[in-house]
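Asker: okay, sequence plus prediction incoming.
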Amino acid sequence: MAVAGCSSSGSDNSPDSSGSTAAVQTGGKITIGAAQGIPQLNPAIRTFAWEEVLFPLLWDGLSETDSSGKVVPDLAESWKVSPDQKTWTFKLRSGVKFSNGKALTADDVVKSLDYYRNPKTATQEANKIATITKVTATDPSTVTVQLSAPNALFPSAIVWVKIMDMDALKTINKDPIGTGPFKVSKFVPGQSLNLVRNDKYWGKAAPLDEIDIVTASDSTAAANSLQSGDLDVLWSVPATDVDQIASNPNIKLVKPAVPSQWPDWEVDTTSAPFNNLKARQALAYATDREQVLEAAYYGQGTVSPYNDPLNEENPMFSSEGMTKYTYDLDKAKQLFAEAGVKSGDTLIWWGVAGQYPEWNTSAQILQASLKKIGINLKIENNDLSTWVEKFYPAGKSFPNMIVPNFQSTPTEPAFSLNYFQPGRCQCNWDNAEYKAAYKKAIGEPDEAKRKEYWAEVQKVINQDVPEIVPLQSTVVTAVNSKLQNVWVDGGGQLHLEEAGLS
Amino acid sequence: MLKMVVRRVAVSIAMLAALSALIFVVLRLLPGDPVVTRLGATPGVSAETLRHLREEAGLDDPILVQYFHWIGGMLHGDFGSSYFNQFSVTELIGQRLPATLELTVIAMIFTVLLALPAALLSARGPGGLVDRVVTTLSSAGLALPQFLVGVALITIFAVKLRWLPSRGYTPISDSFGENLKGLALPSLTLAVAAAPLLIRFLRGSLIEVMDTSYIRTAVGKGVPSWRVLTSHALRNALIPGLTMLGMIVGYTLGGVVIIEYIYGLPGLGSLAVDAVQKRDYAVLQSAVLLISAMFIATTLVVDILTSVLDPRLRSEARRG
């Protein structure tokens, strides 16, 4: 028996988190705003980070992450693993019903997992569940998952694999059928989604009667709506607005305990000049991380001088034997020269127009730095579709380019550091040392040993610089003070399932 | 008259047909497609999966086949459906039409209520103090960006006074009062921009009409100046104003994205912009076509109305 999770996750500065659940009244309706809209409701094919807000509200998985970052049972009551860490058996909770009244059986779990595994589904979760070879219903309340490689952290791999009534998949955008504390009452794609309490929910009933999730595209107007009380929560406040919103005594800011959202500047490690390690190291030295954090992210985050996706607060973080990429243009110039990038050469920053102002500021900082060593950075910003087309999916060649992107990952290193597996990262990095170290770490049930192995993985990434990770950014959520028990996980996912009015 | 209407309708249909081909082609010239956008940058998707998903969405068919598929569907009342959520385009537009229609109607009422008295006051004494105040204010209204007006109105009426909501739309069926309260600020924001256009137009044509011989006769007869202005001059000056109003209505019916964004209204504008960004071909094609059709229909109605009101145009139409 192993309830393996990502252990406790460091200090906790948010008043609403872990254990300190405030008393709330039953009833009430709140309105939640975000700049993005929700285009569709199928959890398996969510594209935009904001869609994740629905995960804990409408759906359940076999496991879930609690506010302290620990992986705990959800629809599964318990689980156990074979000594080789390849066969996981989940015992389902009894008495669980879908929102349409149908009882949950092991068969539903098998069908849902198979749906996620189907390559045609093209789910964001594919990374985490790639090693599943077979899912079987041993009896109506037991599910066995067979893996091709040891994974001591499997329950944390499937936190975001949601169990659906697969018979209702065709109508999922009209009437999604899940087992979560809320259900959908009205959906205007891209604009608004109205949720009401699910009376058939198996767990503790949600305090709120209704949650309205709306699109608040204009940030100035959204800040005003927060002030007038027309919005109770504003998710992912632009870094520029944080100070102004914080000055309002009726609004509190909720931040994740361990930030696990990280901008990554992707380069193609298979074409010039970034197929040369020296060019990548040069770029790492030419990145003024402090200034990027201050000017582009308004200080909302922490710099990553070791070019490490893991935040220094992450319990699995290590910097042992690693190179610190302190801003150093002399080193950058020399390394660039050794890699054949000369004075007068031009690199391209391939960004997105309009949507991510922090990317553009980052580009300008890098441009100014490179200019000092004679290298030009041409900034090209396009709309999202044009941007994606250039470097996606993995395997495309994009010489001379630096492509800003960002990853929202769980704090568990198994599912942030695995981003660098071949065929996943558009950087096209394929490193044998990394793959071996990763395999060793994920198969290790002992936490202390695993920490050593994760340190090895981090070291390879640090030394070989598959891409630039300048910092970890903090997703800031503004919440009306009368609303309690709202929390945000490391990757930025908003949790409202226990939220209530005081 | 009938002949003119028939001719105009025929021209409109030809325009829509040409437009449909244009929208279709331009959309496909843009890099990216709905499949790639839906995937975002989902790691671990193979080129083969991508090809398969494109095939499923019918994106690998030759462009002409895709075009006639769309046109053929529309002739049977099937406008296609969103790649992202399988809602039919008719449903998506149906969800957003009420807010756009209401916003248009209420904003037009505000516009006329603001513009008519202002233009009359202004035209009564061109160059006078009142006229100068009106002209200055309407220049300001024209110059102010709508988002600034919107934010200012929200700050005053929603944040400080708390009289009206800062955002959101309540359907009439839920609550008529809340519905009107929600639309008050967005309509006013639109009217602040639209009224100056109408004021300038009306003021100009009023002053022009006031100079004609029949007005001089009326004044000479001893008709009080206010009556001359409101009942003699206004009727004739209204006709060109109607054309202007028609254009404003057509523009508003197309969805005013900025207003929808500021006030969180579910209108046609944000549906179309969102569809462009997501390359949601079916939604955008049909939405743009519908918006264009509404614009064309509005101008047609205005032209018919104008010729009914103005006998000179009617006879010209008969001759032509």
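Answerer: Everything's here; your move. Residues are numbered from 1 along each chain as shown, chains lettered A, B, ... in the order given.

Asker: can you tell me which residues in the stretch 51-200 of chain B are near chain A?
Answerer: B:52-53, B:82, B:84-87, B:92, B:95-96, B:147, B:150-151, B:154-155, B:158-159, B:162, B:165-168 (CB under 8 Å from any CB of the partner chain). To be clear about C-beta, it is placed using only N, CA and C from the backbone, and glycine gets the same treatment.

Asker: which among the residues you listed end up buried?
Answerer: Listed as buried from those are B:52-53, B:82, B:84-87, B:92, B:95-96, B:147, B:150-151, B:154-155, B:158-159, B:165-168; burial here means 16 or more other CB atoms under 10 Å in any protein chain shown.

Asker: in helices, which of those residues appear?
Answerer: Mapping those onto helices (DSSP state H) picks out B:52-53, B:92, B:95-96, B:147, B:150-151.

Asker: now do the SS call for the residue nearest the centre of chain B.
Answerer: Closest residue to the average C-alpha location of chain B: residue B:252 at 2.0 Å, with CA atoms, centre = their mean. Following DSSP: H, G, I helix; E, B strand; the rest coil, residue B:252 is assigned to helix.

Asker: ok, for it, nearest residue in space, not its chain neighbours?
Answerer: Closest residue to residue B:252 apart from its sequence neighbours, by CB to CB, 6 or more residues apart in numbering or on different chains: residue B:104 at 4.4 Å.

Asker: pull out the buried positions in the helix or strand containing that neighbour.
Answerer: Using DSSP states H and E, the element containing residue B:104 is helix B:89-124. Under the neighbour-count criterion of 16+ other CB under 10 Å, helix B:89-124 has B:89, B:91-93, B:95-100, B:102-104, B:106-108, B:110-112, B:114-116, B:118-124 buried.

Asker: same thing with stretch A:333-342?
Answerer: Neighbour counts using 16+ other CB under 10 Å place A:333, A:335-336, A:339, A:341 of stretch A:333-342 among the buried residues.

Asker: report the contact partners of the closest residue to residue B:120 other than its chain neighbours.
Answerer: Nearest non-adjacent residue to residue B:120, counting by CB to CB, 6+ apart: residue B:229, 6.0 Å away. Residue B:229 makes contacts with B:120, B:123-124, B:206, B:210, as judged by CB atoms under 8 Å, 6 or more residues apart in numbering or on different chains.

Asker: and residue B:229, how far from chain A?
Answerer: 41 Å (CB to the nearest CB, to the nearest Å).

Asker: could I get the average pLDDT for the helix holding residue B:104?
Answerer: What helix B:89-124 shows for mean pLDDT is 93.

Asker: is the residue nearest the centre of chain A bridged to anything, and to what?
Answerer: Chain A has residue A:408 as the residue nearest its centroid, 2.4 Å off, counting by CA atoms, centre = their mean. Going by DSSP bridges, residue A:408 is paired in beta bridges with residue A:261.

Asker: state the distance from it to chain B.
Answerer: Relative to chain B, and taking CB to the nearest CB, residue A:408 is found at 11 Å.

Asker: that residue contacts residue A:489, correct?
Answerer: No. When contacts are counted by CB atoms under 8 Å, residue A:408 is not listed as touching residue A:489 (9.3 Å).

Asker: find the residues that touch each one of these two.
Answerer: Both residue A:408 and residue A:489 are contacted by residue A:260, under the criterion CB under 8 Å, 6+ apart.

Asker: how about the helices of the stretch 151-300 of chain B, start to end?
Answerer: Counting by DSSP state H, counting those that start in this stretch, the stretch 151-300 of chain B has these helices, from start to end: B:176-210, B:213-221, B:225-227, B:234-253, B:257-263, B:268-278, B:281-309.

Asker: contacting residues around the closest residue to chain B within chain A?
Answerer: Using CB to the nearest CB, residue A:385 is the residue of chain A that sits closest to chain B, at 2.7 Å. The contact partners of residue A:385, taken as CB under 8 Å, 6+ apart, are B:30-33, B:36-37, B:277-279.

Asker: okay, those residues in a markdown table with neighbour count, pLDDT and distance to chain A next?
Answerer: Formatted as a markdown table, those follow (neighbours: other CB atoms under 10 Å in any protein chain shown; pLDDT from 0 to 100; distance: CB to the nearest CB, whole Å):
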| residue | neighbour count | pLDDT | distance to chain A |
| --- | --- | --- | --- |
| B:30 | 13 | 83 | 7 |
| B:31 | 14 | 80 | 4 |
| B:32 | 20 | 80 | 3 |
| B:33 | 22 | 85 | 7 |
| B:36 | 23 | 83 | 5 |
| B:37 | 21 | 83 | 5 |
| B:277 | 17 | 85 | 6 |
| B:278 | 25 | 88 | 7 |
| B:279 | 25 | 90 | 5 |
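
Asker: quick check, nearest of those to residue A:297?
Answerer: residue B:277 (23.9 Å; CB to CB).

Asker: let me see the contact set for the closest one.
Answerer: Residues counted as contacts of residue B:277 (CB under 8 Å, 6+ apart) are A:383-385, B:37.

Asker: now do the end-to-end distance for stretch B:152-160.
Answerer: End-to-end distance of stretch B:152-160 (CA to CA, to the nearest Å): 11 Å.

Asker: I misspoke; the intended subject was stretch A:172-179.
Answerer: For stretch A:172-179, the first-to-last residue distance is 13 Å (CA to CA).

Asker: so how far is it from its chain's centroid?
Answerer: Chain-centre distance of stretch A:172-179: 23 Å, with CA atoms, centre = their mean, to the nearest Å.

Asker: per-domain residue ranges of chain A.
Answerer: Listed by automatic domain parsing, the domain ranges of chain A are A:29-58+A:180-256+A:475-501, A:63-169, A:261-473.

Asker: from chain A, how far out is the nearest residue to residue B:101 once chain neighbours are set aside?
Answerer: Leaving aside its sequence neighbours, residue B:101 sits nearest to residue B:253 (CB to CB, 6+ apart; 7.5 Å). Residue B:253 is 18 Å from chain A, where distance means CB to the nearest CB.

Asker: so who does residue B:253 touch?
Answerer: Residues in contact with residue B:253 (CB under 8 Å, 6+ apart) are B:100-101, B:104, B:268, B:291, B:294-295, B:298.

Asker: from these, pick the one nearest residue A:109.
Answerer: residue B:268 (41.9 Å).

Asker: residues contacting that closest one?
Answerer: Contacts of residue B:268 were listed using CB under 8 Å, 6+ apart, and they are B:93, B:96-97, B:100, B:253-255, B:287, B:290-291.

Asker: same question for residue A:206.
Answerer: Taking CB under 8 Å, 6+ apart, we find residue A:206 in contact with A:181-182, A:197-198, A:497-498, A:500.

Asker: the host helix or strand of residue B:35 - contacts with which helices or strands?
Answerer: Element membership of residue B:35, judged by DSSP H and E, is helix B:34-39. For helix B:34-39, the packing partners by 3 or more CB pairs under 8 Å, 6 or more residues apart in numbering or on different chains; DSSP states H and E come out as helix A:384-391, helix B:47-56, helix B:268-278.

Asker: touching it from outside, list them.
Answerer: Defining contact as CB under 8 Å, 6+ apart, one finds that helix B:34-39 is touched by A:45, A:47, A:122, A:384-385, A:388-389, A:392-393, B:45, B:50, B:53-54, B:57, B:59, B:83-84, B:277-281.

Asker: quick one: buried residues of stretch B:222-229?
Answerer: So stretch B:222-229, judged by 16+ other CB under 10 Å, has buried residues B:228-229.

Asker: for it, what is the distance to the chain centroid?
Answerer: Distance, stretch centre to chain centre, for stretch B:222-229: 36 Å (CA atoms, centre = their mean).

Asker: so, low pLDDT: which residues of chain B?
Answerer: B:41, B:311, B:313-320 (pLDDT under 70).

Asker: isn't residue A:313 right up against residue A:255?
Answerer: No. Using CB under 8 Å, residue A:313 is not in contact with residue A:255; the gap is 11.7 Å.

Asker: once you drop chain neighbours, what's closest to residue A:265?
Answerer: Once flanking residues are discounted, residue A:265 sits nearest to residue A:468: 4.0 Å by CB to CB, 6+ apart.

Asker: no further questions, thank you.
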